[in-house]
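Participant: Sharing a model prediction with you, sequence too.
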Amino acid sequence: MRNAVVLGAGIGGLLAAGALSRHFEQVVVLDRDQIPDTPVSRVGVPQGPQVHAVMKRGELAIENILPGFRGRLAAAGGTSLRVGLDFRVFEGGGWHPRRDLGFTLSSQTRALLEQVIRERLLANGNVTLRQRQRFRGLTSTAGGVVTGVAFEGEGAEEISADLVIDAMGRGSPIPDWLARNGYGEAPSVATGIDLYYSTILFHVPERWRGEPWCLVLRATAPDQVRGATVVSIEDDRWLLSMVSRFDDRPPTTVPDCLTFLEGLESPEIYERIRHAEPAAKARRFHIPESRVRFFERMPGYPRGLLPLGDVIGTFNPLLAQGMSIAAIHAETLGETLIKNVDAAGGLDLDGLASDYMPAVSALSHRAWSTGAYVDHLYPRTGGERPANFEAYHHFRKALRRAMEADPEIHRRAIRVAQMLDPSSVLPRDRILAEFGSEGA
């Protein structure tokens, strides 16, 4: 019998378990939290109440791992938003043109998203979720093969596993365990973003009910640091997140919130929120850095252990990449398992890490780099400025002008941003030739 253990019951861990359930007879998911029966935020996910979004590519990955997910999410209260019409973005000093771009996104609280994924996963009869289990360490052989997990619940326990997935997030203790046990540290790159965001839940005013929408206002760097997102969620509520950087921290009271919104570059969010009544107190969260680790570069990395999601990369949340990257990591895990099925129908676990880890690291590094190009528009950002920084932003300005003038370029650009298409679908030379000058 082949057994797999997943550490962490967040989005990435649940989806990893879904991918594993097709190849292992038993999959056990361990989490330190008491998992709620209703969609409420968990203690172990302090950023949970903030605005969370799944990009279209991430949504498709979840559906691929757990067929029927999208229908269940809609039935549970997920709100469908038409991108370009209901879902709009302000950046570069103006709103994107209002156009139907041909696809929808779902909006909801992270807690509802997690609950729907969890319920769909546990419908697979070979997946077990064990709650209130605190990780103590990994069991392994002298030859560097991970054989299971040691943890504490009602008492100290160990569980054997042919494969362990670390999905415990940015605070995972596994990197420290690797260092203590002679494996060293994974090389990494980081950007000091020093980002703060505060989120307040509001009741939708009567005049706006039945009109789902999302407005994303991104600060125009380097002169502006303040932005905001407001989105329709389940149960006739709006979720508002206000973001800023460095010494300028977003407020946590409704009067100060309105002052913050009134001072933004565009009045649209303020004009709606000023009519709404708060439904809960504000929560503030700080993200000091974004970072990517390259576990595949470690000498002698143990067999039988794979990282996933935020353990590999943490990103600027303003670009909404985190949950989608975790979903694609889980999808990649599933594809890697299929690739390593041997002639007899069994799994060749020896080849998993060499196939899986470079792929997910490259994916995370691309996402991290996208954020780094944006973050380094601010001189106070920490870390090394990306290569070709000026050329990148020259093209982004040209692309922004092209999106205004050309509906097809607009559609392609948003599909690239949603990870549906590679950046090569954008006619770079034509965009630079026609829109590359400031006066274009």
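Facilitator: Happy to help now that I have it.
Participant: wouldn't L264 be in contact with R226 here?
Facilitator: Yes. Counting by Cβ atoms under 8 Å, L264 touches R226, with 6.0 Å between them. For every residue, glycine as well, the C-beta is placed using N, CA and C.
Participant: Could you check the top helix by length along the chain and say which residues are buried?
Facilitator: Of all segments of type helix in the chain, defined using DSSP state H, the longest is helix 352-375. For helix 352-375, a neighbour-count test (16 or more other Cβ atoms under 10 Å) marks 352-353, 356-357, 359-361, 363-365, 367-375 as buried.
Participant: Ok, stretch 392-400 next?
Facilitator: Y392, F395, K397, A398, L399, R400.
Participant: In TSV: those residues, plus secondary structure and distance to F246.
Facilitator: As requested, the buried residues of stretch 392-400 are arranged in TSV below (DSSP: H, G, I helix; E, B strand; the rest coil; distance: Cβ to Cβ, whole Å):
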residue	secondary structure	distance to F246
Y392	helix	22
F395	helix	27
K397	helix	24
A398	helix	29
L399	helix	27
R400	helix	25
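Participant: Spatially, which two of those are the most separated?
Facilitator: Pairwise distances across the buried residues of stretch 392-400 peak at 12.8 Å for Y392 and R400 (criterion: Cβ to Cβ).
Participant: How far away from the center of its chain is stretch 391-399?
Facilitator: Relative to its chain's centre, stretch 391-399 lies at 25 Å (Cα atoms, centre = their mean, to the nearest Å).
Participant: Output it in CSV with nothing but the alpha carbons.
Facilitator: Provided in CSV are the C-alpha atoms of stretch 391-399 (Å, rounded to 0.1, in the frame of the first residue of the first chain):
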residue,chain,number,x,y,z
ALA,A,391,13.1,48.2,-20.9
TYR,A,392,10.4,46.3,-19.0
HIS,A,393,8.6,49.4,-17.9
HIS,A,394,9.0,51.1,-21.2
PHE,A,395,7.1,48.2,-22.8
ARG,A,396,4.5,48.2,-20.0
LYS,A,397,3.7,51.9,-20.6
ALA,A,398,3.4,51.1,-24.4
LEU,A,399,1.2,48.2,-23.7
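Participant: contacting residues around that stretch?
Facilitator: 92, 373, 377, 386, 409, 413, 426, 428, 431-432, 435-436, 438, 440 (Cβ atoms under 8 Å, 6 or more residues apart in numbering).
Participant: Closest one to W238 out of those residues, please.
Facilitator: Among those, and counting by Cβ to Cβ, the member closest to W238 is G92, at 25.0 Å.
Participant: so how far is G436 from the residue nearest to that closest one when sequence neighbours are not counted?
Facilitator: Nearest residue to G92 in three dimensions, chain neighbours excluded: R400, at 4.5 Å (Cβ to Cβ, 6 or more residues apart in numbering). R400 is 11 Å from G436, where distance means Cβ to Cβ, to the nearest Å.
Participant: for P67, same thing?
Facilitator: 45 Å.
Participant: Also I287?
Facilitator: I287 is 34 Å from G436, by Cβ to Cβ.
Participant: Also G309?
Facilitator: Relative to G436, G309 is positioned 38 Å away (Cβ to Cβ).
Participant: Tell me which of the two has more neighbours.
Facilitator: G309 (31 against 17; other Cβ atoms under 10 Å).
Participant: Ignoring the adjacent residues along the chain, who's closest to the more buried one?
Facilitator: Excluding the flanking residues, the one nearest G309 by Cβ to Cβ, 6+ apart is G12, at 3.1 Å.
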